[in-house]
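In: Below: sequence and its predicted model.
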Amino acid sequence: MSSDPEAFVRDAVQRVLSGVRDRAAARCAGAAPVQASVRPVVVLIDGPSGAGKSTLATALAAAWPASADSARPAGTAAPASPTVVRLDDIYPGWDGLEQASDHIEAELLRPFRDGGVPRWRRHDWVADAPAEWHGVARAHPLIVEGCGALTRGTAPLADLRVWVTADDAVRKRRALARDNGGFDAHWEGWQRQFERFLARERPLELADFVIDAG
C-alpha cells in the first residue's frame, strides 16, 4: 500500500472504474444503444472487516459521474450517480452474515437484474429488530459493499466483483477504532463467522481482482 492513504484510495478507485468501463464497453458492443444506456452496472465489494471496503465504496460513488461511463453511446443521457448499499445496515445482529448474503441476493440483486422491485431491509441495531424497507432505483448503478457481499449466488448478478484485503493487525485496529468499542466483544466471533463464509463461498475465487489496502 502507498504511504499516502488518499493516493492509494484514488488509485484503487481508478482501477475499479477501469474495470467498470471495460464491462460497459463490452455490453454496449452487444446491444442497441438505447438498451445499453439503461442497463445499470452492479459492483460488489467484499473483504474482511477493517480492510477498507466502505472507504472504497464511498470514493467510487463520488468519482463515478465524472469518469465511469466513458463507453456510453453518444447522444444518450448522462449516467446517474450510483446507489450504495452497505451490509452493515442489513446484518440481523452479530450472527447475521449469512442471512444478509441471502437477503441481498433474493431481495436486491436478483430483482435488480431481472426487472423486479429491488429493495433491502434495515436492521435496527438498538432495538435488535427488523426495521424499514428501502427501495432501490434500477436506473442507477449499484454498489454493494460489506462482508458477505460476494457469494456464489451473488457473483453472477454483478458486473464487477472486488475483494479488498489488508494485514490482519491493521484491519483489526481500524475496525475497533471505527466502532468506538462496540465491536470489541464481538471481534473473535465475527472472525469465526467470516472464516466459515470464506470456506463455504470461496469469494476470492469469484473476484475479478483484489485490492491490498495495507
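Out: Thanks, I have the structure now.

In: Any regions of this protein where pLDDT drops low?
Out: 1-5, 8, 27-39, 65-79 (pLDDT under 70).

In: which residues in it form strands?
Out: Assigned by DSSP state E, the chain shows strands spanning 42-46, 83-86, 119-124, 129-135, 142-145, 160-165, 209-212.

In: right, so of those, which gets closest to Ala62?
Out: Among the strands of the chain, the nearest to Ala62 by C-beta to C-beta is strand 83-86 (9.9 Å). The way it works is simple: take the backbone N, C-alpha and C, and place the C-beta from them, glycine included.

In: Export only the CA atoms of the closest one, formatted as PDB.
Out: Coordinates of each C-alpha in strand 83-86 appear next as PDB, following Å, rounded to 0.1, in the frame of the first residue of the first chain:
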ATOM      1  CA  THR A  83     -26.700   3.800  -5.100                       C
ATOM      2  CA  VAL A  84     -24.500   2.400  -2.300                       C
ATOM      3  CA  VAL A  85     -25.900  -0.300  -0.100                       C
ATOM      4  CA  ARG A  86     -23.900  -1.300   2.900                       C
END
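
In: roughly how far is that strand from the heart of the chain?
Out: Relative to its parent chain, strand 83-86 has a centroid offset of 7 Å by C-alpha atoms, centre = their mean, to the nearest Å.

In: try stretch 58-67
Out: 14 Å.

In: List the buried residues for it?
Out: For stretch 58-67, the neighbour count (16 or more other C-beta atoms under 10 Å) marks Thr58, Ala59, Leu60, Ala61, Ala63, Trp64 as buried.

In: quick one: the last one from Glu205, how far?
Out: So the one you mean is Trp64. 27 Å (C-beta to C-beta, to the nearest Å).

In: go on, the fifth one?
Out: Here the distance between Ala63 and Glu205 works out to 28 Å (C-beta to C-beta).

In: What number of neighbouring residues does the closest residue to Lys172 other than its chain neighbours come out with?
Out: Take Lys172 and drop its neighbours on the chain: the residue closest to it by C-beta to C-beta, 6 or more residues apart in numbering is Gly50, 6.0 Å away. Using other C-beta atoms under 10 Å, Gly50 has 26 neighbouring residues.

In: Would you confirm that Gly50 contacts Ala169?
Out: No - using C-beta atoms under 8 Å, Gly50 makes no contact with Ala169, being 9.8 Å away.

In: buried set for the helix ranked longest in the chain?
Out: Criterion DSSP state H: the longest helix present in the chain is helix 5-29. In terms of neighbour count (16+ other C-beta under 10 Å), helix 5-29 has its buried residues at Phe8, Val9, Ala12, Val13, Val16, Leu17, Gly19, Val20, Arg21, Arg23, Ala24, Cys28.

In: Including distance to Val162, could those residues go into TSV?
Out: Shown next, in TSV, are those (distance: C-beta to C-beta, whole Å):
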residue	distance to Val162
Phe8	14
Val9	13
Ala12	9
Val13	11
Val16	6
Leu17	11
Gly19	8
Val20	10
Arg21	14
Arg23	12
Ala24	16
Cys28	22
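
In: of all the residues you listed, which two lie farthest apart?
Out: Going by C-beta to C-beta, the pair spanning the buried residues of helix 5-29 furthest: Phe8 and Cys28, at 30.5 Å.

In: Just list the residues touching Trp94, thanks.
Out: Neighbour list for Trp94: His186, Gly189, Trp190 [criterion: C-beta atoms under 8 Å, 6 or more residues apart in numbering].
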